[in-house]
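> when you get a sec, could you give me coordinates for this:
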Amino acid sequence: QVMLVESGGGLVQPGGSLRLSCAASGFTLDYYTIGWFRQAPGKEREGVSCISNSDGSTYYADSVKGRFTISRDNAKNTVYLQMNSLKPEDTAVYYCNAFYRSLNYWGQGTQVTVSS
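Residues are numbered from 1 along each chain as shown. You can find the predicted model right below:
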């Protein structure tokens, strides 16, 4: 069964850090470009970061640049999103996405809440 499972979300104070994980099962992440997206209540889903399958190049939304870092560990079939200096506006459900040609998979999401 093909699955993406996110973990690592939770409640954190402003300025804190979290590391999200996106673990794949049923397929190998090596060939896929992986993206992290988020959706806050009442807002559309937005792209946060992605990492390519070819050369490992990365992309970050301006709102997270310099604070978030995406990485992949193909041996563990997992992609990470290290989130530092978190702000209340980072509060959202975070989803990972894997796509390759016509294949496109989504995880179920993990809640991140930044609040004092």
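> tell me where this protein has strands.
Remark: strands assigned in the chain by DSSP state E are 3-7, 10-12, 18-25, 33-39, 46-51, 58-60, 68-73, 78-83, 92-100, 103-106, 110-114.
> any chance of TSV for those strands, columns mean pLDDT and mean neighbour count?
All C-beta atoms are positioned from the backbone trio N, CA, C, and that covers glycine. Formatted as TSV, the strands of the chain follow (pLDDT from 0 to 100; neighbours: other C-beta atoms under 10 Å):
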stretch	mean pLDDT	mean neighbour count
strand 3-7	95	17
strand 10-12	98	14
strand 18-25	96	19
strand 33-39	97	21
strand 46-51	97	19
strand 58-60	97	15
strand 68-73	95	18
strand 78-83	97	22
strand 92-100	96	21
strand 103-106	94	13
strand 110-114	98	18
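> since we're on residue 42, how many residues are nearby?
5 (other C-beta atoms under 10 Å).
> residue 114 versus that one, what's the distance?
Distance, residue 42 to residue 114, by C-beta to C-beta, to the nearest Å: 17 Å.
> report the beta-bridge partners for the residue nearest the centre of the chain.
Centroid-nearest residue in the chain: residue 36, 3.2 Å away (criterion: C-alpha atoms, centre = their mean). On the basis of DSSP bridges, residue 36 is bridged to residue 49, residue 96.
> tell me the contacts of it?
By C-beta atoms under 8 Å, 6 or more residues apart in numbering, residue 36 lies in contact with 20, 22, 47-50, 70, 79, 81, 94-97.
> ok, and the closest non-adjacent residue to residue 13?
Nearest residue to residue 13, sequence neighbours excluded (C-beta to C-beta, 6 or more residues apart in numbering): residue 116, at 5.4 Å.
> over to residue 16?
Nearest residue to residue 16, sequence neighbours excluded (C-beta to C-beta, 6+ apart): residue 86, at 5.3 Å.
> does the one you found touch residue 113 like I think?
No. Counting by C-beta atoms under 8 Å, residue 86 does not reach residue 113; the two are 9.6 Å apart.
> could you dump stretch 40-56 to CSV, C-alpha only?
Written as CSV, here are the backbone C-alpha positions of stretch 40-56 (Å, rounded to 0.1, in the frame of the first residue of the first chain):
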residue,chain,number,x,y,z
ALA,A,40,-4.2,27.4,7.9
PRO,A,41,-7.9,27.6,8.9
GLY,A,42,-9.9,29.6,6.3
LYS,A,43,-6.9,29.8,3.9
GLU,A,44,-5.9,28.0,0.8
ARG,A,45,-3.2,25.4,0.8
GLU,A,46,0.2,27.0,0.1
GLY,A,47,3.6,25.6,-0.9
VAL,A,48,6.2,25.9,1.8
SER,A,49,9.3,24.1,0.4
CYS,A,50,10.3,21.4,-2.0
ILE,A,51,13.4,19.3,-2.8
SER,A,52,14.0,17.9,-6.2
ASN,A,53,14.7,14.2,-7.0
SER,A,54,17.5,15.0,-9.5
ASP,A,55,20.1,17.3,-8.0
GLY,A,56,18.6,17.9,-4.6
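> lovely, talk soon.
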